[in-house]
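K.L.:
Predicted structure and sequence below. I'll ask about it afterward.
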Amino acid sequence: MGLGDKVAQENQTRFVNKDGSFNVHRKGVLNRGSFSPYHAVLNASWWRFNWGILGYYLLANIIFTFFYFISGKNAFPDIANFDAGHRLGQLFFYSVQVITTLGTSPLHPANTMADAVLGIEAMVGLLGFALAASLLFARFSNPPAKILFSQKAIIAPYDNITGLMVRIINNRSNELIDVSTAMTLTLVDSAGKRIFKQLPLERDQVLTFPLSWTIVHPIDSVSPLFGKTEQDLRNSKAELVVNVTAVDRDLSKTLYVRSSYSGNEIVAGVKFVNLIERDSVGTVVVDPQRVGEIEKA
């Protein structure tokens, strides 16, 4: 898994979070040369992105309003006789019109400092909105994968034995092709050493992915899970990591997603409910929100 033997043996927490991110924190990520604003913007959620753009927009206008204000009362003759609060309000909305290049305000600067602030703000507005538009386009043109994983990994009846199963489904309307997967199981053995096992799968690749896919590791006599109970998995601090690779046919882009299941998220004696339904004309219908539903086996 790329974590190294020393980290693997000493780690006391899960290696991979449920959202697929590694449970590793980099020190000094905000240092110059280490932090990537572009990657931060691409990986941010939409609400954080929108609030971030709004915050920078308000902050820029507040800063320029302050500089217009300290330019002096006579910097804008039309509001020279206004009280401080009213002047600040007028200057803020003047700044809004300058930074957005609307320019409909009757106000105009009347001294050198205000003219200089106006020139700087016009440049900041042009560059800022061009940058914001570019970031918005980058986010729309680079949509993240939306493959849903079942909330639990299960041990269910399979081909006269049992199998370790995880179900996934594509929660977007795009078509995924050449989908492949791998399961890695980590356990602490009787000697107290953490071991990693790549689990052989019933099928590790599908050419297309129009429905859900139940990924199955057969628990036969050579499986590291053979004879183990749910309590055994908890006691051995088990963690199952599932990696999925797919190609977005529309974007010709390779997608990588992962998730993990700790020992207490692996349940035995159950099975996944059937997701396949049919409408009135016989068309197959699947409900992605039911991907994790289970029932007694």
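P.N.:
Yep, it's here.
K.L.:
Identify each buried residue in the strand ranked longest in the chain, please.
P.N.:
With secondary structure taken from DSSP state E, the chain has its longest strand at strand 176-188. Applying a neighbour-count criterion of 16 or more other Cβ atoms under 10 Å, the buried positions in strand 176-188 are L176, V179, T181, M183, T184, L185, T186, L187. For glycine as for every other residue, the C-beta is placed from the backbone atoms N, C-alpha and C.
K.L.:
Looking at the residues you listed, which is nearest G103?
P.N.:
Ranked by distance to G103 (Cβ to Cβ), the buried residues of strand 176-188 are led by L176 at 48.1 Å.
K.L.:
The closest one contacts F209, correct?
P.N.:
Yes - contact status for L176 versus F209: in contact at 4.3 Å, counting by Cβ atoms under 8 Å.
K.L.:
Identify the contacts common to these two.
P.N.:
The overlap between the contact sets of L176 and F209 (Cβ atoms under 8 Å, 6 or more residues apart in numbering) consists of N170, A246.
K.L.:
related to what we said a few turns ago, output the longest strand of the chain as CSV, nothing but the C-alphas.
P.N.:
Taking Å, rounded to 0.1, in the frame of the first residue of the first chain, the C-alpha atoms of strand 176-188 are listed here in CSV:
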residue,chain,number,x,y,z
LEU,A,176,-17.6,3.8,-17.1
ILE,A,177,-15.6,1.1,-19.0
ASP,A,178,-12.7,-1.2,-18.3
VAL,A,179,-13.5,-1.2,-14.6
SER,A,180,-11.0,-3.1,-12.4
THR,A,181,-10.6,-3.6,-8.7
ALA,A,182,-8.3,-5.0,-6.1
MET,A,183,-8.8,-5.9,-2.4
THR,A,184,-6.1,-5.7,0.2
LEU,A,185,-6.6,-7.1,3.7
THR,A,186,-4.4,-6.2,6.6
LEU,A,187,-4.4,-8.2,9.8
VAL,A,188,-2.3,-8.5,13.0
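K.L.:
pLDDT (mean, whole number) over it?
P.N.:
The pLDDT scores in strand 176-188 average 92.
K.L.:
who does that strand touch, helix- and strand-wise?
P.N.:
Other elements packing on strand 176-188 under the criterion 3 or more Cβ pairs under 8 Å, 6 or more residues apart in numbering; DSSP states H and E are strand 161-170, strand 194-199, strand 205-208, strand 213-219, strand 239-248.
K.L.:
can you rerun that using 7 Å?
P.N.:
strand 194-199, strand 205-208, strand 213-219, strand 239-248 (3 or more Cβ pairs under 7 Å, 6 or more residues apart in numbering; DSSP states H and E).
K.L.:
Give the buried residues for the lengthiest helix in the chain.
P.N.:
Taking DSSP state H as the criterion, the chain has its longest helix at helix 112-141. By neighbour count on 16+ other Cβ under 10 Å, the buried set for helix 112-141 is A114, V117, L118, E121, G125, G128, A132, L135, R139.
K.L.:
Local confidence estimate at the second one?
P.N.:
What that stands for is V117. Confidence for V117, expressed as pLDDT, is 93.
K.L.:
Mind telling me which residue is nearest the centre of this structure?
P.N.:
The centroid of the chain falls nearest to N43 when counting by Cα atoms, centre = their mean (5.7 Å).
K.L.:
Off-centre distance for stretch 91-99?
P.N.:
Remark: stretch 91-99 is offset 35 Å from the chain centroid, using Cα atoms, centre = their mean, to the nearest Å.
K.L.:
actually stretch 108-125, sorry about that
P.N.:
40 Å.
K.L.:
Need the contact partners of it.
P.N.:
60, 64, 67-68, 71-72, 74-77, 95, 98-101 (Cβ atoms under 7 Å, 6 or more residues apart in numbering).
K.L.:
CA atoms of it as CSV?
P.N.:
Coordinates of each C-alpha in stretch 108-125 appear next as CSV, following Å, rounded to 0.1, in the frame of the first residue of the first chain:
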residue,chain,number,x,y,z
HIS,A,108,-15.4,59.7,-9.7
PRO,A,109,-12.0,60.1,-7.9
ALA,A,110,-10.7,63.6,-7.6
ASN,A,111,-7.1,63.1,-6.3
THR,A,112,-4.0,61.1,-7.2
MET,A,113,-4.3,58.5,-4.5
ALA,A,114,-7.9,57.6,-5.4
ASP,A,115,-7.0,57.5,-9.0
ALA,A,116,-4.2,55.1,-8.2
VAL,A,117,-6.4,52.9,-6.1
LEU,A,118,-9.0,52.9,-9.0
GLY,A,119,-6.3,51.7,-11.5
ILE,A,120,-5.1,48.9,-9.2
GLU,A,121,-8.6,47.7,-8.5
ALA,A,122,-9.5,47.6,-12.2
MET,A,123,-6.5,45.4,-12.8
VAL,A,124,-7.3,43.2,-9.8
GLY,A,125,-10.9,42.8,-11.0
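K.L.:
Many thanks, have a good one.
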